[in-house]
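Engineer: Quick one, what's the 3D model for this:
(3 chains)
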Amino acid sequence: MRKWLALASAGVLAFGVAACGDDDSGNDATAGGGGEVSGEIVIDGSSTVGPFAQAAAELFNAENPDVEISVGTSGTGGGFEKFCAGETDISDASRPIKDDEEAPICKKNGVSYKEVTIANDGIAVVTNPAVEITCMTTGELKKLWNTGSKVSNYNQLNPDFPDVEVSLYGPGTDSGTFDFFTDVINGEEGVSRKEYQPSEDDNVLVQGVTGDEGGLGYFGFSYYEQNQDKLGLVEVDGGDGCVAPSTETIQDGSYKPLSRPLFMYPSEQSLADKPQVKAFMEFVLDNQEEIATASQIVPLTAAQLDEGKQQLKEAEAAAAAGK
Amino acid sequence: MEAASTTSARATPALGVARRRLGEDAIRGLLLLAALISILTTTGIVLSLAGEAWTFFQEVGVNDFLFGTEWSPIIKPQSFGVLPLVSGTFLVTAIALAVAIPLGLGSAIYLSEYATPRVRKVVKPVLELLAGVPTIVFGYFALTFFTPNLLIDILHFDVSVFNALSAGIIMGFMVIPTVASVSEDAMSAVPGSLREGSFGLGASRLQTSLRVVFPAALSGIVAAVVLGASRAIGETMIVLVAAGQIAELSADPRNPMYTMTSYIAAIGKGDLATGSLQYKTIFAVGALLFVITLVLNAISIRFVRRYRQVYE
Amino acid sequence: MTDVTAAALEQAAARGPIGASPGRARLRELGFKALLLSCLGASMLLLGTLLVTIGADGLSRVSLDFITEYPSIVADKAGIWPALLGTLWLMAVCAGFIIPVGVATAIYLEEYADSSRWYNRAIEVNIQNLAAVPSIVYGILGLAFLVRGPLSLGNVVLAGGLTLGLLVLPVVIIAGREAIRAVPPSIREGSMALGATQWQTIWRQVLPAAIPGVATGVILALSRAIGETAPLIMVGAAVFVTSEPDLMSRFSALPIQIFDWISRPSNDVNDYAALAAGGIVVLMILLLGMNAVAIWLRNRYEQKW
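Structural biologist: Residues are numbered from 1 along each chain as shown, chains lettered A, B, ... in the order given. Below is the predicted model:
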């Protein structure tokens, strides 16, 4: 019995020593010299924007070691919920905030924000290598994916397409990618054919399409890029000819309409009260190209960057005024 | 009885009778408080689910929900019939238990009745290691290894990439350590005198294991199975990754299948606005799952109690 | 004398029942043993396959740097240090909660509760039911009542650890009850006859005898808790942190880090899949370490009645 207690207390002591021993990067001391900031920044939201936020946090932390940044990935909706409850400083989003459901909650809790575009993301249409389709128009995509579609063979879309039975894969119905695709292809969010295999995880979708001889799917461009040898790519004709997705075509807008903006929503209260949040957002826009490339997302166009900086400036002004 | 104990031979402090009774009551009170934590937990769960589920049912009729056969909360035309999810849960759980119960109990009988103590000391922890593998690893294993290599290439089953069979089998293996370890503990605790008596009467080890030890440990074995079944019903990740997300009312395990738990997990992690009707479906589904498991557990406890009376 | 007899009895048992034809009985015995062994073998085979698949990818990635570095977008530089500490903290809080509360509840239900009373039966059904609630519902519970609500702890380690604790508490209670139930009544009666009070009997006789079963419950519980992601995400665990966690600070955890890496697209430049595999290897080693303590306790307190 006594041995038991001795063992337990030894364990607790050892753990305590180990946990308290190493303290170099854990301080939240006040600002060090030379323009460095300190304090906490809490970011949460979309898992698509997550890697971008992480890369930004890492680079920012390298220059400002006294700042403690935490990045979560509760999803765009979950992120907004926490944001509007005042629990986070910045919300990552792969879609704009919903005016009917989410914005009112923020208003009620006195959280004001500004939408800042920080990167672009392309959606690639891919197939199993056995399905040889090089290009599809948006009209053909709509015929394939629209609600009530009865297309069961690719050659029903276009007689030049191979005679293969259709087997579709796509993001889950609750994801921002789904919302975006259905909106631009089918004309309305949430309007889609039901007979397809959804999954939350794009890696799982890759697995699905590569394992299915009639497979065709759509998901984030970076997942195609990393699996090029296993997947066939379908160029998309948005009215100006067939365009393949790439960093360039997404950035200059020629890959349309399947290229969407990604957002960060800083709260104006955090911008006003926490200098480290203000510094972070400015850092993000100043270094967005490096951050985006590191996280395998497409950087902003010049026009978007100017607009983003403008949005941030307005937010900071509003914050300072409201303070 | 307590009056006589003041002259006990053991080195207990010479407490007066009254004081000892108070200490006993205090301890009993503390223990009751601990037990009440589980009641608090349930109350918390019911409260977190019920409020949102109630607002959900204001918009979607309870009958449509419980008896509808089409589950399409987001893709229009919307439909909120939960039966496909329920059938998915039951099918996958049944497959998992069909794997976990025989293999788990078989392993337990072997470890408790046939293996040497040294083998048992080594093998039991190794088996418990299986319980510690993160479930997402199991899910990816089922999707990227089990389905393509075993089911499709070697066994030539006609399954789709996402299928309930693969998820169910792998889930079964995940549950095995729970069933095996707890029932093995129960069997090991059966007094050796029972076994020796059985051998002395001329029974073989097979007969002793099945007819003497197994029934004597039945309470523990049933607890192990119920614990395993609970684990299987509540499992999310394996099904989410490997069984796909198509909600269909079907008994064919070769197809993808959406279960109540993987649905909750998928929506919970997704991008939906948390106040939307679609998001609130997770509270309704969660509440339904809670009620179903409550009913199943109440039945199983009744059943166990009847058996216990025979052997104790 | 007893040993000799027991051994002889076992040998006789292996030969099969008296009266049955020796050949067929022998065959049946062997067949049964082979069947049982194959059950165990199948489980071991799957475990082995899993470990080999993970180990092949992961072991090469595990190094001192991997363990002590912070996560990074550059896969080669990335490490799991804050996630590892986070998991250690969470397990400590979780164990610190489930062991006393679980054992106390099990003792109450087995030794003190009158099972004819409706409220005690309600507690029983309740606990069994809680074992089947999916982990994400515990996440919702934790968010509503621990992070926000009455306790308002915030997105901190304590909230995460308690949420996990509530999730796996039923396992400890149920296994603990079975362990206590398995202690022969004669032990209790003897102790009472010698003049011990109920609590003394429990504390000095029943509990030590029940330690192996409780240890099994704790092993299974912690094994489940260490790999859980969904409830932690709801309670606000981060995928990326820049500092070491504390009891009341934000945190990350190994399964969350693994989950993040496993969801990213992987290539030769940034092999996140190998990072994930490395993380899993570290997680399993951590689990083995935790279990080792419980296993040692179990072996030491094992008793054969």
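
Engineer: Can you tell me the element residue 279 falls in?
Structural biologist: This is for chain A. helix A:275-286 (DSSP states H and E).

Engineer: I was thinking of chain C, sorry if that wasn't clear
Structural biologist: helix C:272-300.

Engineer: Same question for residue B:302.
Structural biologist: Residue B:302 belongs to helix B:277-311 when assigned by DSSP H and E.

Engineer: tell me which residues in that helix are buried?
Structural biologist: For helix B:277-311, a neighbour-count test (16 or more other C-beta atoms under 10 Å in any protein chain shown) marks B:277-290, B:292-294, B:296-298, B:300-301, B:304 as buried. Where C-beta positions appear, they are placed from N, C-alpha and C, glycine not excepted.

Engineer: what's the neighbour count on residue A:270?
Structural biologist: 23 (other C-beta atoms under 10 Å in any protein chain shown).

Engineer: Could you grab the helix/strand/coil label for residue A:68?
Structural biologist: Classification of residue A:68 by DSSP: H, G, I helix; E, B strand; the rest coil places it in strand.

Engineer: isn't it right up against residue A:43?
Structural biologist: No: applying C-beta atoms under 8 Å, one finds residue A:68 not in contact with residue A:43, separated by 11.5 Å.

Engineer: between these two, which one's more packed in?
Structural biologist: Neighbour totals were compared for residue A:68 and residue A:43, and residue A:43 leads with 29 against 23 (other C-beta under 10 Å).

Engineer: which stretch of helix or strand covers that one?
Structural biologist: strand A:39-45.

Engineer: Is chain C within reach of the helix or strand following that strand?
Structural biologist: Sequence order places helix A:50-63 as the next helix or strand after strand A:39-45, per DSSP H and E. Yes: under the criterion of C-beta under 8 Å from any C-beta of the partner chain, chain C is reached by helix A:50-63 at A:50, A:51, A:53, A:54, A:55, A:57, A:58, A:61.

Engineer: again with stretch A:76-88
Structural biologist: Yes: against chain C, stretch A:76-88 shows contacts by C-beta under 8 Å from any C-beta at A:78, A:82, A:85, A:87.

Engineer: Tell me the most packed of those, by neighbour count.
Structural biologist: Greatest neighbour count in the residues of stretch A:76-88 next to chain C, by other C-beta under 10 Å, goes to residue A:78: 28 neighbours.

Engineer: what about residue 253, which SS state?
Structural biologist: Unless you meant another one, I'm taking chain A. coil.

Engineer: not quite, I wanted chain B
Structural biologist: Look at residue B:253: counting by three-state DSSP, its state is coil.

Engineer: same thing with the one 3 residues further on?
Structural biologist: In the three-state summary, residue B:256 is assigned as coil, counting by three-state DSSP.

Engineer: can you count the residues close to the closest residue to it other than its chain neighbours?
Structural biologist: Setting aside the residues directly before and after it, residue B:256 is nearest to residue B:244 in space (C-beta to C-beta, 6 or more residues apart in numbering or on different chains), at 2.8 Å. As a burial measure, residue B:244 scores 28 neighbours (other C-beta under 10 Å).

Engineer: My assumption is that residue B:244 lies in a strand; please confirm.
Structural biologist: No: Residue B:244: not assigned to a strand; according to three-state DSSP it is coil.

Engineer: doesn't residue B:253 make contact with it?
Structural biologist: No: contact between residue B:244 and residue B:253 fails when scored by C-beta under 8 Å: they sit 11.8 Å apart.

Engineer: Quickly list what's touching both of those two.
Structural biologist: residue B:163 (C-beta atoms under 8 Å, 6 or more residues apart in numbering or on different chains).

Engineer: so who does residue 54 touch?
Structural biologist: By default, I'm working from chain A. A:71, A:295, C:71, C:73, C:239, C:240.

Engineer: wait, I meant chain C there
Structural biologist: B:137, C:277, C:280, C:281, C:284.

Engineer: Which one of these is nearest to residue A:188?
Structural biologist: Nearest to residue A:188 out of the contacts of residue C:54 is residue B:137 (C-beta to C-beta; 38.6 Å).

Engineer: distance of the residue in the stretch 151-300 of chain A positioned nearest to chain B from residue C:124?
Structural biologist: Ranked by C-beta to the nearest C-beta, the top residue of the stretch 151-300 of chain A for proximity to chain B is residue A:174, at 3.2 Å. Using C-beta to C-beta, to the nearest Å, we find residue A:174 at a distance of 37 Å from residue C:124.

Engineer: Out of the two, name the residue with the larger neighbour count.
Structural biologist: Remark: of residue A:174 and residue C:124, residue A:174 carries more neighbours, 28 against 22, as counted by other C-beta under 10 Å.

Engineer: Need the pLDDT of that one.
Structural biologist: On pLDDT, residue A:174 comes in at 83.

Engineer: Helices along the stretch 1-150 of chain B, start to end?
Structural biologist: Using DSSP state H, counting those that start in this stretch, the helices of the stretch 1-150 of chain B run over B:17-59, B:62-67, B:83-109, B:117-129, B:135-141.

Engineer: before we move on, what about the stretch 151-300 of chain C?
Structural biologist: Under DSSP H, counting those that start in this stretch, the stretch 151-300 of chain C gives helices at C:157-181, C:185-193, C:198-201, C:207-226, C:230-235, C:254-262, C:272-300.

Engineer: could you redo the ones you listed as a markdown table and give each row mean neighbour count, distance to chain B and mean pLDDT?
Structural biologist: Shown next, in a markdown table, are the helices of the stretch 151-300 of chain C (neighbours: other C-beta atoms under 10 Å in any protein chain shown; distance: least, C-beta to the nearest C-beta, whole Å; pLDDT from 0 to 100):
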| stretch | mean neighbour count | distance to chain B | mean pLDDT |
| --- | --- | --- | --- |
| helix C:157-181 | 27 | 4 | 93 |
| helix C:185-193 | 13 | 7 | 90 |
| helix C:198-201 | 18 | 5 | 88 |
| helix C:207-226 | 25 | 4 | 90 |
| helix C:230-235 | 27 | 6 | 87 |
| helix C:254-262 | 26 | 5 | 89 |
| helix C:272-300 | 20 | 4 | 86 |
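
Engineer: out of those, which comes closest to chain A?
Structural biologist: Of all the helices of the stretch 151-300 of chain C, helix C:230-235 sits nearest to chain A, with 5.8 Å by C-beta to the nearest C-beta.

Engineer: other SSEs contacting that closest one?
Structural biologist: Applying 3 or more C-beta pairs under 8 Å, 6 or more residues apart in numbering or on different chains; DSSP states H and E, we find helix C:230-235 packed against helix B:260-269, helix C:135-141, helix C:157-181, helix C:254-262.

Engineer: And those helices: which comes nearest residue B:107?
Structural biologist: helix C:157-181 (16.9 Å).

Engineer: ok, and the closest non-adjacent residue to residue C:167?
Structural biologist: residue C:138 (4.4 Å).

Engineer: What's the per-residue pLDDT of residue C:17 here?
Structural biologist: Residue C:17 is assigned a predicted lDDT (pLDDT) of 58.

Engineer: where does chain A have its least confident helix or strand?
Structural biologist: helix A:2-21 (a mean of 45; mean pLDDT, DSSP states H and E).

Engineer: Same list, the helices of the stretch 1-150 of chain B, but as a markdown table with distance to residue C:272 please.
Structural biologist: Shown next, in a markdown table, are the helices of the stretch 1-150 of chain B (distance: least, C-beta to C-beta, whole Å):
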| stretch | distance to residue C:272 |
| --- | --- |
| helix B:17-59 | 34 |
| helix B:62-67 | 40 |
| helix B:83-109 | 29 |
| helix B:117-129 | 25 |
| helix B:135-141 | 13 |
